[in-house]
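[1] Sequence and predicted structure, then a few things I'm wondering about:
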Amino acid sequence: MTAPARKIAVLGATSAIAEACARAWAMQGASLFLAGRRADELAAVAQDLRVRGASEVAVWAGDLADPLRHADLLAELGAPDVVLLAWGTLTDQAKAEADPPYAARELATNFTAPAALLLAIAPRLAERRAGVIAVITSVAGDRGRQSNFVYGAAKGGLQRFLEGLRHRLHPSGVAVLDIRPGFVKTPMTAHLPRTGPLWAEPARVAEDIVRAVERRRAVLYTPWFWRWILLVVRTLPRPLFHRSRL
Amino acid sequence: MTTAGPRQDRLAWGRAHRFAHSLTRPRGLAEARAALREGPRPVLALGCGRSYGDSCLNADGLLIETGGLDRFIAFDPSTGLLEAEAGVRLADVLATVCRPDADGSAWFPPVTPGTRWVSLGGALANDVHGKNHHRFGSFGRHVPRFTLLRGDGELLVCSARENEDLYRATIGGLGLTGLILSLRLQLRRVPGLMLVAEDIRFDGLDEFYALAAASEAGWEYTVAWIDCLARGRSLGRGIFSRANHVPGPVGETAPLANRLAVPLAPPFSPLNRLSLRLFNGLYFRKLGRKRRARRLTAYAPSLYPLDAIGNWNRLYGRRGFYQYQCVLPPENARDAVAELLGAIAAAGEGSFLSVLKTMGHARSPGLLSFPMPGTTLALDFPNRGASTLALLDWLDAITLAAGGRLYPAKDGRMSAKTFAAGYPELPRFRRSVDPAFSSSFWRRAAPAADPPAPAPSAPIPALEHS
């Protein structure tokens, strides 16, 4: 008498935010498909999600940033009800300016590869006329700033891409969610001094994401206050903006 | 996972000690090994930081936060055997594994302390007990096996058969034998998640003991609140609570978040002598004219009443508070409790929450395990500096004279003499302490004044250190 388990694909499943989301979905009894680079980490995450109540957990190990590997992934992926795309690397801006090939690789990981994979996945959901595509971008994509515009450009590009994809998929009933987290205490940010009220725990951000997927929201700032911080950052007049160290 | 510079923002639950620490938060074995290899010394694991004093702190050393070691490993619903990393919290176990079947029955932690915001590793390292100690003993009795990462990077499996010395030293070993990475916990089957709970007023300690004796056979959870401000004829009055799981109705699972929380420590604590008197007087009257009340309740409000308010410890203000918990052997318990209550009332200090519970005879494998047969008394005292510490020293004298001991997880000030007197296995425990590990509590309450374990070939006479 129970409904069939919801199929959820988590791409970049060992990222702290993605794992926290997967835990919440596992507790709801979802059937999960996990993709990530490290097989041993994925196996540990899968074990954990089974104990938490996932009805099924499948795993694909490979480099998601390499579009040549996507065909292999797509063959195993099937047609999920929800896709969470969560991989990304925090680009070192100074290194990117000194080493443009590094910047190109970062742009590929954070923009080109996600965009290519989403183009392949979108028709599968559109065909079934249902589902949610949720993608973690960043508040860094909202305005190009001197301190991290290589990362910001990739994430900002992804935001534009999702805007268009949402427009395209709207008639077919597929929702596209652009998730813009602020500072989150994850391994990706472990090298930064992480004190102060702006820093959030991954579980807190995951709670927002799971709710936004349920509600088929278009854009999510998480935690909520980043929406207002970014409103200020985006609308700051250029003469003032140029004098800031943002 | 990186070690940041020294920081002072990690406080124990009592908030009375402020130390600088380096912090690191490894995920998985490889990162934990790297933290031990590269980080500063000495090292101590920190779970949820619910120990009250300095047993979970390590001034000027490294704290390995176990919050990143929070994955479940396996659960067998046919046997109730759970395996999980040490940073998994009891709240996670309750919310995920302890969900009811269609008939309402469920797997449940065999032993749970008064808060579900503790890590499994912390529960093992402090060999915690709960309101069902008279039935189930302490937490460590239900952990048949765990893995321990030693300071030199060696990973050991510990059980009653493998590495038995370390098994017995680590249960209740305050994190001093190495980093507990994962453990197996044998859950128990309960007929339902709802409890039938009774509150019964008592007017003195003899009545308390009569109620406890009458309840132990038929009730799984027993505990009493006592009005520690009552004096003279009312001395030892309070409310005895007992509860059992009831079969049938599908009870509510405890939520993974607090609805209410105290956002910050106020500059002046609202918990002063006046509010203390008001609270204790009102609480005693909560049953009204009835002597007894019975109700059906979800388990969380009954087992975890204080979890309803997140960070309630901040109500004690900037200076924090001390908790005092002792256990007294049966033959002296009644008189010693009376003497302790008399001393507190005479000092005019008083405690917001005073908890009294009889402990059972189930023995823990742990060498430094706190629980023993008798009665345990737990009290909270706002930190008023020297006067508070003087009162606590007085209480120590009463406890020691009665043959009792103090709970290191609650302590932030006992002397080395008091600690050694309460824990006869301390010399044996010392041999299992990992040289890379230490804590502020350990350096204070068990300084290596006595010579290190003597080499068997050449016994050296003990030297007196001044």
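    Structure received.

[2] give me phi/psi at the most centrally placed residue in chain A?
    The centroid of chain A falls nearest to residue A:136 when counting by C-alpha atoms, centre = their mean (2.3 Å). Main-chain dihedrals, residue A:136, degrees, to the nearest 10: phi -80, psi 110.

[3] My read is that it contacts residue A:83, right?
    No - using C-beta atoms under 8 Å, residue A:136 makes no contact with residue A:83, being 11.6 Å away. Every C-beta, even on glycine, is put in place using the N, C-alpha and C of the backbone.

[4] where does the chain have low pLDDT?
    Let's take chain A. Of all residues in chain A, those with pLDDT under 70 make up the ranges A:1-3.

[5] my question was about chain B
    Looking at chain B by pLDDT under 70, you get B:1-5, B:251, B:258-259, B:449-466.

[6] I'd like to know which elements the helix with the most length in chain A is packed against.
    When chain A is parsed with DSSP state H, its longest helix is helix A:149-169. Packing partners of helix A:149-169 (3 or more C-beta pairs under 8 Å, 6 or more residues apart in numbering or on different chains; DSSP states H and E): helix A:93-98, helix A:100-107, helix A:113-128, strand A:132-136, strand A:175-181.

[7] who's in contact with that helix?
    A:88, A:90-91, A:93, A:96-97, A:103, A:106-107, A:109-111, A:114-115, A:118, A:122, A:125-126, A:133, A:135, A:137-138, A:140-145, A:175-176, A:178, A:180, A:218 (C-beta atoms under 8 Å, 6 or more residues apart in numbering or on different chains).

[8] separation between the residue of the stretch 351-466 of chain B found nearest chain A and residue A:212?
    Relative to chain A, the nearest point of the stretch 351-466 of chain B is residue B:440 (21.9 Å; C-beta to the nearest C-beta). Distance from residue B:440 to residue A:212, counting by C-beta to C-beta, to the nearest Å: 43 Å.

[9] Also residue B:396?
    If you go by C-beta to C-beta, the gap between residue B:396 and residue A:212 works out to 55 Å.

[10] The two: which is more packed in?
    Neighbour tally, residue B:396 and residue A:212, criterion other C-beta atoms under 10 Å in any protein chain shown: the higher count belongs to residue B:396, 24 against 21.

[11] helix or strand for that one, which one?
    Assigned by DSSP states H and E, residue B:396 falls within helix B:386-401.

[12] Packing partners of that helix?
    Against helix B:386-401 (3+ C-beta pairs under 8 Å, 6+ apart) you get strand B:321-328, helix B:330-347, strand B:374-382, strand B:405-406, helix B:416-422.

[13] what residues does chain A put near chain B?
    A:27, A:41, A:44-45, A:47-48, A:51-53, A:187, A:190-191, A:193-195 (C-beta under 8 Å from any C-beta of the partner chain).

[14] redo that, cut-off 7 Å
    Within chain A, the residues that sit near chain B (C-beta under 7 Å from any C-beta of the partner chain) are A:27, A:44, A:47, A:48, A:51, A:52, A:53, A:187, A:190, A:191, A:193, A:195.

[15] Could you report the distance from the fourth one to residue B:70?
    It refers to residue A:48. Applying C-beta to C-beta, the value for residue A:48 to residue B:70 is 8 Å.

[16] One more: the last one?
    Distance from residue A:195 to residue B:70, counting by C-beta to C-beta: 21 Å.

[17] which residue sits closest to residue 106, ignoring its sequence neighbours?
    Picking chain A for this. Using C-beta to C-beta, 6 or more residues apart in numbering or on different chains and skipping the chain neighbours, the partner closest in space to residue A:106 is residue A:91 (4.3 Å).

[18] let's do chain B instead
    Nearest one to residue B:106, counting by C-beta to C-beta, 6+ apart, is residue B:100 at 4.4 Å.

[19] Helix, strand, or coil at that neighbour?
    Put simply, residue B:100 is coil when judged by DSSP: H, G, I helix; E, B strand; the rest coil.

[20] any idea how far residue A:97 is from it?
    Distance from residue B:100 to residue A:97, by C-beta to C-beta: 58 Å.

[21] which one of those two has more residues nearby?
    Ranked by neighbour count (other C-beta under 10 Å), residue B:100 and residue A:97 place residue B:100 first, with 19 against 12.

[22] give me phi/psi at that one?
    phi -70, psi 150.

[23] same deal with residue B:244?
    The phi and psi values for residue B:244, taken as degrees, to the nearest 10, are phi -140, psi 150.
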